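Student: sequence first, then the predicted structure:
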Amino acid sequence: MKKPVIELENVKRYYTLGEENVVKAVDGISLKINRGEFVTIFGPSGCGKSTLMHVIGLLDKPTEGKVLLDGVDTSKLDENELTELRNKAIGFVFQFFYLTPNLTAVENVELPMIFANIDERIRYERAKKLLKMVGLEKRMHHLPFQLSGGQRQRVAIARALSNNPKLILADEPTGNLDSKTGKSVVKLFKDLWHKGNTLVIVTHDPNIAKEAPRTIHMLDGKVTLDEKNHD
């Protein structure tokens, strides 16, 4: 039986905005995501899906409840241990790419490996290989401003894969792309899933949501439906 990569136990994330106003961004969610799964988290703007992704990705601590990553109870870890686990175990892809503007594509992909203290020669070779995999071997030495939006997102995906993470989290990864480029990025994610990667994509686009075998629907901080689309 496949083991969960991520396990949430009654997770809540509340924000207090003044004395009377408590925003229940994530309101008592329990779920499991197994190794090798491709899952989309779908819902309208403001439903709490990005907050949920930040909690799953250890970027934000829950107000209540537990987040287990590969069986490790992350509530027992200090900030340094959380940072180290996040860097090694999770690859992030964001809507706005967040590439370092003065670094080339290959240097951007190398960055997480520098933080993981991987040898210079090994990380350069791995970064080259990952850029080739996403179809950018001829753009390795270009700076982000010399790349199109779709190419920048491909660099971001290669960077997310650099430490061979247990989990790839993508927050609205096609949100800044035209529909044709968006489709090619979704195809790349599906290819990664077929190679055995565990993927979670947060989206408000129903067409992208149904590309995954499993969709978790959210509304007002809660899971309203956890459905299988196809195998």
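Tutor: Perfect, I can see it now.
Student: please state the offset of stretch 105-115 from the chain centre?
Tutor: Chain-centre distance of stretch 105-115: 17 Å, with CA atoms, centre = their mean, to the nearest Å.
Student: list of residues touching it?
Tutor: 87, 91, 99-100, 103, 122-124, 126-128, 130-131, 136, 139-144, 147, 155-156, 158-159, 162-163 (CB atoms under 8 Å, 6 or more residues apart in numbering). Quick note: C-beta positions are derived from backbone N, CA and C, even for glycine.
Student: how does it look with 7 Å?
Tutor: 87, 99-100, 123-124, 126-128, 130-131, 136, 139-142, 147, 155, 158-159, 162-163 (CB atoms under 7 Å, 6 or more residues apart in numbering).
Student: that stretch: which residues count as buried?
Tutor: By neighbour count, and taking 16 or more other CB atoms under 10 Å as the criterion, the buried residues in stretch 105-115 are 105-113.
Student: would you format those as JSON lines with pLDDT included?
Tutor: Shown next, in JSON lines, are those (pLDDT from 0 to 100):
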{"residue": "A105", "pLDDT": "94"}
{"residue": "V106", "pLDDT": "94"}
{"residue": "E107", "pLDDT": "94"}
{"residue": "N108", "pLDDT": "94"}
{"residue": "V109", "pLDDT": "93"}
{"residue": "E110", "pLDDT": "93"}
{"residue": "L111", "pLDDT": "90"}
{"residue": "P112", "pLDDT": "86"}
{"residue": "M113", "pLDDT": "88"}
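Student: narrow these to those in strands?
Tutor: Judged by DSSP state E, strands contain none of the buried residues of stretch 105-115.
Student: quick one, what contacts the residue nearest to P101 when sequence neighbours are not counted?
Tutor: Counting by CB to CB, 6 or more residues apart in numbering, the nearest residue to P101 once its immediate chain neighbours are dropped is P144, at 5.4 Å. With CB under 7 Å, 6+ apart as the criterion, the residues that contact P144 are 99, 101, 152.
Student: so what does P144 have for phi and psi?
Tutor: In terms of degrees, to the nearest 10, the main-chain angles of P144 are phi -50, psi -40.
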